[in-house]
Every structure is written in structure tokens, then in C-alpha cells.
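**Student:** here's my sequence, what's the structure:
(2 chains)
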Number of protein chains: 2
Amino acid sequence: MILNKQQIMQAIDAAEVINSMEEGFALFSKGQANIPPFGSLHFNNPPGTVHIKHGHIKGSDNYVVKIASGFYENPKIGIPSSQGLMLLFDSRTGQLKAILLDEAYLTEIRTAAAGALAAKYFAPKNVSCIGIVGTGTQAFHQLNLLKHAVACKDVIVWGRSLESLQSFTSRNELSSFRIKPTLDVTELTANCNLIVTTTPSKSPLIFANRVQPGTHITAVGADGGGKIELEPKLFSKADIVCVDSRDQCFLHGDVAFALKEGLIGPEKVIELGEAAANPALRRKNDREITVVDLTGVAIQDIQIANAVYTSSSSKAPIRIDSKPRD
Amino acid sequence: MILNKQQIMQAIDAAEVINSMEEGFALFSKGQANIPPFGSLHFNNPPGTVHIKHGHIKGSDNYVVKIASGFYENPKIGIPSSQGLMLLFDSRTGQLKAILLDEAYLTEIRTAAAGALAAKYFAPKNVSCIGIVGTGTQAFHQLNLLKHAVACKDVIVWGRSLESLQSFTSRNELSSFRIKPTLDVTELTANCNLIVTTTPSKSPLIFANRVQPGTHITAVGADGGGKIELEPKLFSKADIVCVDSRDQCFLHGDVAFALKEGLIGPEKVIELGEAAANPALRRKNDREITVVDLTGVAIQDIQIANAVYTSSSSKAPIRIDSKPRD
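**Tutor:** Coordinates of the predicted model:
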């Protein structure tokens, strides 16, 4: 089975993907998945990073390999910066079952679905305003999937240029939101109590002393190569620090910087899959500051590839924008 | 570009592949390739191993990812034990350029091509008899590609059953050889001075005191998971110990056992790419015992994938059996 991006988009249901992430993270944190360290390649001219992730849920029929890349200068020549595909193999024979030519779409969606899950567990009950840091594809998907986790329709988006802000706020799929663009990130931290950071920044954008009590922050951008979005001090200020994978985040995440500087110890850090399995680990009140650091785990690729494969095998595709919460 | 196994077989020329391995290993040993540690998955029921290898030659247009698996019980249900595919990506944009659905054929060929290269550098001038240990697909390809490296036509093949020996000796492609089957490996070591071992054995098959002076041995089977074909003592007896990759063989190869037991030090070990670049490192006379330990390096996958891609793009496919040495 070979599916192209269009077919994959038709096979995906966002609410189901978020549920499958919840199940996947819980399995992962219980040790029910075999997820070896991921491979990577780095290129300098032009700059690009490739991640090769693979894994298998114990006892399941499939193993999954995902190749996903980010070449940030691609848009200059009219090509999306994210590229890639997923492969599904039979874990009893090694035979190839499906090639999902998603051009990184599934990575975008599964990453955004983890963000929605983080909001489900850690966002304050009353979100006054959503803050989106960054204006790229992942920024779009994060906000789009937050429809499934929170009811708030007020958004401040921060970007580095008016053009990128303009192109973000004018997206049709986001027309149910009231989106205010800003070039000043402190306007965002002053007004938003649910913040998602989605940039490849190499210096912190969100500073501890700017974050209001009761705020939840999901940090998606940093996954190695010196990338960092949150001031390390924010992790010592936070009441809850949660990661998708301790192994990965302690090496590649924003939290790695706080650990290296001794600002927090590893014992403070819980996993998203632990919060999935145990509601007592989630936000307890509207004063806590909570941070979820995501680097992307192969369990997500396994879950979403299986969802597409199952949906496409049964020929009952459903649309991405079905079943928003409101 | 998507090519199936048949198309790939038509795009391959064995002599060119051996040359491209020579070039590739030399680049690899000079540090001109970026080859991260490979990923793997292991399955128990049924038993299977998957290797995920990826890499890039500095300055080149492509990066390559290879997924290859061995599920040794597949033949019971009529499926080849080796499975897999290779993927070629543009290293300037991350875009997918080609899917090579080779079902592990390219891995078989590039592995055998490394064996032919090892024979080119280390086989004695007068090979009296070729010894092939094992009767599987890799045993076949090793012998088939030795046509390009040595003129000897006398072969002893060792296997564990008469059926597997029978099926090996009756292969049409090997009809230019005079092949004697044996169930007694000491018959092989007593008569052969060019030996290739190709089994997934977990205990040694070739013992140091059985190996005659002037013999060259290429060990292909052991690549981790407790696999071993050569008695570790053989490495201390050997005059030259060569590996495809120090990093990999020191962890996963036959030589790893000799190092762990302190029978040799790492300084004794040279790389195939060093022998490619410097003929002074090759066999010097007809009394030396030489051992080449191969675990398979992503540089080989890069080279063969590029060869297939180039050949298929130019629409000038040539056959695998072209240009044997005799």
C-alpha cells in the first residue's frame, strides 16, 4: 500500500489521533514499547536536519520507521521545509506493508496532537488567551488541534516579521479564532495562560519572570542541535515539569539546559504517559505553572501510522477537521 | 522514482558495484562520510532482527536510509528471510528522490561486493580452493561475486544439511564452479586458502588450529546479537586483521570477542578503506594468515543506492553477471 499526502490527509481524524497519542504515551511510559534512540543527520549547506525514528509496541503486528527532515531554507525555492515519509513493516516477517508518503504531514499532526494532549492535562480550567510563539506549519497545527482540547477562541501569535504573522492570521482553517499578531513576545506572556512555543530558536524566547501564575507552556521547538525556547530558570519556577520522553528530553529538550545548569533535578520530571495513566499527576489548581517539553517520540509515529493504515485498509476515511470540541 | 526488485536487478553491474565499494570504503576510512551508529530492533516470536542504517558522503547530493531485516523462520511460510528497502533523499532539501524496493537484494549484493574487495586485497596469489561456510543467499552471492576477484573454480561448501547443500550446488549461476559439498568443516579448512563464512552461528565454526598458513578468511555472518563464526584465538594467530568499520566491529563483529578476551589490541586492526587507499596494508606474501571481519556499513548502502539511481536515471541498465574476471 502506497498512500500520498492527499490520501493520508483524508484518512486522518484529529480527535482519534489525539486519543491514539494518549494510548501510545501511556504504553510508552509503562515500558510497553521498544523505542531505540533515534538517528539523525545534520547538513550545513544548506542547513538541514534529518531524524530517523523507529519502534515497535510489544506484541503488535507492525514496526514503524519514520524519516522526517527540516530544511529551513526550502521555502526560498518554493519547497516546504518539512519533508519525509513513514514506513510500516510486518513485525513477524519484516515485510513492507505500507509506504506513507506524507511529506512530514503525519509528524506535524502527531506533534500537534501531543500538544493538544498536554493542554488537556495541564491547561488551566479557564484559558483567557492562547499564546502561539512562531508562525510556521507547526504553529498552525498546534493552534488548529487545540480546538479539541480548550474552548478559548482568543489568540495572540508572536512572529519575527509582519509578513509571516499576516500569512498565519489569514489562514482559513483558523477563522474560528480571534487572532492578534504581535512582534513583542512580552505582550503574549502578559496576556496568555496557555502558551505553545514552536520555533527553531537558538536562544530563549520565554523568560521566567514574564510568565504569569497559572500559565501552562508547551515547548515543541527544541529537539537538539542547540535549539532552546525557554529560559532554563522557568523550569525551577514551574510546579510541574513534564516531558514526552525522559531519555530524549534529558539530552535534546529545553529541559536539558535546566538539568545541566543544576536548576532542577531529574526527579522533578514526569512523563506525559504517566500523566495519561494517572490524573493525579495533572494540573491541580489555577495558580500552578506547568511546562511540557516535547521532542517527539517514535511511539507517536507508530500510533499515527497504524491509525492511517487501519483507516485506509477499512476504506472509511474521515476528515481532519471533524469533531472540534465546540 | 519507485523501482521494484526486478528493475533493480537489471540496473546493477557487479564489477561496477565492487568498484563503487572500493571508492566508498576509502571515503569512509578517510572520514569523508557521515555514518551515525545504526539502529536496530529485535523480535522474539518469531525471531527477527531489523537494522536501520543511514548516512551521507560529505558534499554529495543524496543521503540514504536503508531498512533491512532477517527473519530466519520466514522460509517455513514461503517468504525469503531477508526483507527491506532503501530510500534516497536530496541532501539539500530533504525531498525523497527514490524508493528502491529491493527486498534486501542490494544489501546482499553490497555485502558480497565487500567480500570480493576483501579477496582482491588479501587472498593469496594462488587460491587452491575456495571455502564457503553456509549455504544461504549470502553464501551464494559471495561465491558468485568472487568470480570478479579470483580465478579459482574449485569450491568446497559446508552446510548443516544435505538438502541445503544440494540446493546450493545446483544453482545455475554457479555452474562455472566445481563445487564439493561437505558436512565436515575441517575438510574445508584443510583444503581451502580462501574462506568466506556467511552463517548466523552463535558458536565458532572455524578454529585457529585448523587454519592453514597463507589462508585468507572473510567473516560476514556475525553482526551482533551474540553471533560468532571465528574462534577468537584466530585473530591473535592472524598476521593481518581488517574490518569494514572499527566502530561497528569492535561492538558487533567477530573481532569484538577477541578484543574482549584481550587476545589482540585495537591497534592491530586496520580498516578495509585503509587497505583500499594504501596497497602496502594488503597481503604481502603467501604465508600470511589474513582475516577480514565485515558487519556492513551504511557507506555501502549509499554507494549501491546511488549506483542504482544513476543507472536507472540514465536508462542504461546492465546485467548483474556481466564482466566476470574469467
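**Student:** pull the distance from stretch A:124-137 to the chain's centre.
**Tutor:** Put simply, stretch A:124-137 sits 13 Å off its chain's centre (C-alpha atoms, centre = their mean, to the nearest Å).
**Student:** now that stretch - C-alpha only, CSV.
**Tutor:** In CSV, the C-alpha atoms belonging to stretch A:124-137 read as follows (Å, rounded to 0.1, in the frame of the first residue of the first chain):
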residue,chain,number,x,y,z
PRO,A,124,-5.9,26.0,33.4
LYS,A,125,-9.6,25.5,33.5
ASN,A,126,-10.2,29.0,32.2
VAL,A,127,-7.9,29.8,29.4
SER,A,128,-8.1,33.6,29.0
CYS,A,129,-6.0,33.7,25.8
ILE,A,130,-3.9,31.2,23.9
GLY,A,131,-0.3,32.3,23.0
ILE,A,132,1.3,30.9,20.0
VAL,A,133,5.1,31.5,19.6
GLY,A,134,6.1,31.1,16.0
THR,A,135,4.1,31.3,12.7
GLY,A,136,5.2,28.2,10.8
THR,A,137,3.4,25.0,9.9
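**Student:** does it reach chain B?
**Tutor:** No. Judged by C-beta under 8 Å from any C-beta of the partner chain, stretch A:124-137 and chain B are separated, with a smallest distance of 13.8 Å. In this view, the C-beta of every residue, glycine as well, is placed from N, C-alpha and C.
**Student:** buried residues in that stretch, which are they?
**Tutor:** For stretch A:124-137, burial by neighbour count (16 or more other C-beta atoms under 10 Å in any protein chain shown) applies to A:P124, A:V127, A:C129, A:I130, A:G131, A:I132, A:V133, A:G134, A:T135, A:G136, A:T137.
**Student:** endpoints of stretch A:161-177, how far apart?
**Tutor:** One end of stretch A:161-177 to the other measures 21 Å (C-alpha to C-alpha, to the nearest Å).
**Student:** residue of the stretch 151-300 of chain A closest to chain B, please.
**Tutor:** The nearest approach of the stretch 151-300 of chain A to chain B comes at A:A298, 9.9 Å away (C-beta to the nearest C-beta).
**Student:** you'd agree that residue is up against A:Y63?
**Tutor:** No. Contact status for A:A298 versus A:Y63: not in contact, 9.7 Å apart, counting by C-beta atoms under 8 Å.
**Student:** overlap in contacts, the two.
**Tutor:** Residues touching both A:A298 and A:Y63 (C-beta atoms under 8 Å, 6 or more residues apart in numbering or on different chains) are A:H54, A:G55.
**Student:** returning to what we had before: the buried residues of stretch A:124-137 into JSON lines, with extra columns for secondary structure and pLDDT?
**Tutor:** Putting these into JSON lines (DSSP: H, G, I helix; E, B strand; the rest coil; pLDDT from 0 to 100) gives the following:
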{"residue": "A:P124", "secondary structure": "coil", "pLDDT": "98"}
{"residue": "A:V127", "secondary structure": "coil", "pLDDT": "98"}
{"residue": "A:C129", "secondary structure": "coil", "pLDDT": "98"}
{"residue": "A:I130", "secondary structure": "strand", "pLDDT": "98"}
{"residue": "A:G131", "secondary structure": "strand", "pLDDT": "98"}
{"residue": "A:I132", "secondary structure": "strand", "pLDDT": "98"}
{"residue": "A:V133", "secondary structure": "strand", "pLDDT": "98"}
{"residue": "A:G134", "secondary structure": "coil", "pLDDT": "97"}
{"residue": "A:T135", "secondary structure": "coil", "pLDDT": "96"}
{"residue": "A:G136", "secondary structure": "coil", "pLDDT": "91"}
{"residue": "A:T137", "secondary structure": "helix", "pLDDT": "90"}
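**Student:** what sits against the residue of the stretch 151-300 of chain A closest to chain B?
**Tutor:** A:A33, A:I35, A:F38, A:K53, A:H54, A:G55, A:V64, A:K66.
**Student:** between these, which has the most around it?
**Tutor:** Counting neighbours by other C-beta atoms under 10 Å in any protein chain shown, A:V64 leads these with 29 neighbours.
**Student:** so that one touches A:L85, yeah?
**Tutor:** No. Counting by C-beta under 8 Å, A:L85 is not a contact partner of A:V64; they are 11.1 Å apart.
**Student:** restricted to strands, list the contacts of A:A298.
**Tutor:** Counted as lying in strands by DSSP state E, out of the contacts of A:A298, are A:A33, A:K53, A:H54, A:G55, A:V64, A:K66.
**Student:** of the residues you listed, which is the nearest to chain B?
**Tutor:** A:H54 (5.5 Å).
**Student:** who are the contact partners of the closest one?
**Tutor:** Neighbours of A:H54 in contact, by C-beta under 8 Å, 6+ apart: A:I35, A:P36, A:F38, A:Y63, A:V64, A:V65, A:K66, A:A298, B:G39, B:L41, B:V50, B:I52.
**Student:** distance to B:D13 and pLDDT for those residues - can I get that in CSV?
**Tutor:** Below are these laid out as CSV (distance: C-beta to C-beta, whole Å; pLDDT from 0 to 100):
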residue, distance to B:D13, pLDDT
A:I35, 40, 92
A:P36, 35, 91
A:F38, 35, 88
A:Y63, 33, 97
A:V64, 34, 97
A:V65, 29, 97
A:K66, 33, 96
A:A298, 37, 92
B:G39, 30, 92
B:L41, 33, 95
B:V50, 29, 95
B:I52, 27, 95
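**Student:** and A:S40, how many neighbours?
**Tutor:** There are 17 residues near A:S40, going by other C-beta under 10 Å.
**Student:** A:P204 too?
**Tutor:** Residues near A:P204, counting by other C-beta under 10 Å: 18.
**Student:** in terms of pLDDT, where does it sit?
**Tutor:** Turning to A:P204, the model gives it a pLDDT of 97.
**Student:** likewise A:S322?
**Tutor:** 38.
**Student:** what's the spacing between the residue of the stretch 151-300 of chain A closest to chain B and B:K147?
**Tutor:** As judged by C-beta to C-beta, to the nearest Å, A:A298 and B:K147 stand 42 Å apart.
**Student:** tell me, what residue is most central in chain A?
**Tutor:** Against the mean C-alpha coordinate of chain A, by C-alpha atoms, centre = their mean, the closest residue is A:T111 at 2.9 Å.
**Student:** show the contacting residues for A:D293.
**Tutor:** Counting by C-beta under 8 Å, 6+ apart, the residues that A:D293 touches are A:A219, A:A222, A:L230, A:V241, A:C242, A:V243, A:D244, A:C249, A:G253, A:D254, A:V255.
**Student:** can you pull out the strands in the stretch 101-250 of chain A?
**Tutor:** A:130-133, A:154-158, A:178-182, A:194-197, A:216-219, A:240-243 (DSSP state E, counting those that start in this stretch).
**Student:** the stretch 1-150 of chain A against chain B: which residues are in contact?
**Tutor:** Residues of the stretch 1-150 of chain A lying near chain B (C-beta under 8 Å from any C-beta): A:2, A:34, A:36-43, A:46, A:48, A:50, A:52, A:54-56, A:63, A:65, A:67, A:69-71, A:74, A:77, A:79, A:82-85, A:87, A:89, A:91-96, A:99, A:101.
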